[in-house]
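[1] Next come a sequence and a model predicted from it.
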Amino acid sequence: MFKKQWKSPYERNFNCFAINDFKKLDSVTVYLPKEKRKIRGVITDINASNYEIVINTKTKSGIKSPIDSVIYLKEYDKNWLK
C-alpha cells in the first residue's frame with residue numbers, strides 16, 4: 001500500500017471544520033500551501049457556497065482561504081494580530 005509522505009503536518013486535509021463554525025471577527029490560523037507557511041488572521045467575510053473565508057492579517061487584507069486550510073479557530077481576540 002502506498003503511503004503519502006507529507007512535507008509538513010499542515011498540508012494534511014482533515015476537514016474538521018464546517019462553514020457554520022465560522023463567524024465574522026473570529027480569530028484563525030491558516031496554512032497557505034503555495035507559500036508553505038502559517039498566517040494569523042481575523043475573518044472579515046464568509047462565503048458559504050464555496051466553503052471559503054476571507055481574512056485580514058496584520059499586513060494584508062482580503063486573503064481568501066478554503067475552510068480546509070484552517071488549522072486553528074477561536075472567538076474574537078483583540079490581541080490576536082499583535
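    That came through fine.
[2] same question for stretch 37-45, mean pLDDT?
    For stretch 37-45, the mean per-residue pLDDT is 97.
[3] Kindly export that stretch (C-alpha atoms) in CSV.
    Backbone C-alpha positions of stretch 37-45 (Å, rounded to 0.1, in the frame of the first residue of the first chain) are rendered in CSV as follows:
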residue,chain,number,x,y,z
ARG,A,37,3.6,29.0,5.9
LYS,A,38,1.0,29.7,8.5
ILE,A,39,-0.6,33.0,9.0
ARG,A,40,-2.8,34.5,11.7
GLY,A,41,-5.9,36.5,10.7
VAL,A,42,-9.3,37.8,11.5
ILE,A,43,-12.3,36.7,9.5
THR,A,44,-13.9,39.5,7.6
ASP,A,45,-16.3,37.6,5.3
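[4] Would you indicate which residues of it are buried?
    Ile39, Arg40, Gly41, Val42, Ile43 (16 or more other Cβ atoms under 10 Å). (Glycine included, C-beta is placed from N, CA and C.)
[5] ok, and the closest non-adjacent residue to the second one?
    For Arg40, the nearest residue in space outside its immediate sequence neighbours is Thr29; the separation is 5.4 Å by Cβ to Cβ, 6 or more residues apart in numbering.
[6] That neighbour contacts Asp77, correct?
    No: taking Cβ atoms under 8 Å as the definition, Thr29 is not a contact partner of Asp77, at 11.4 Å.
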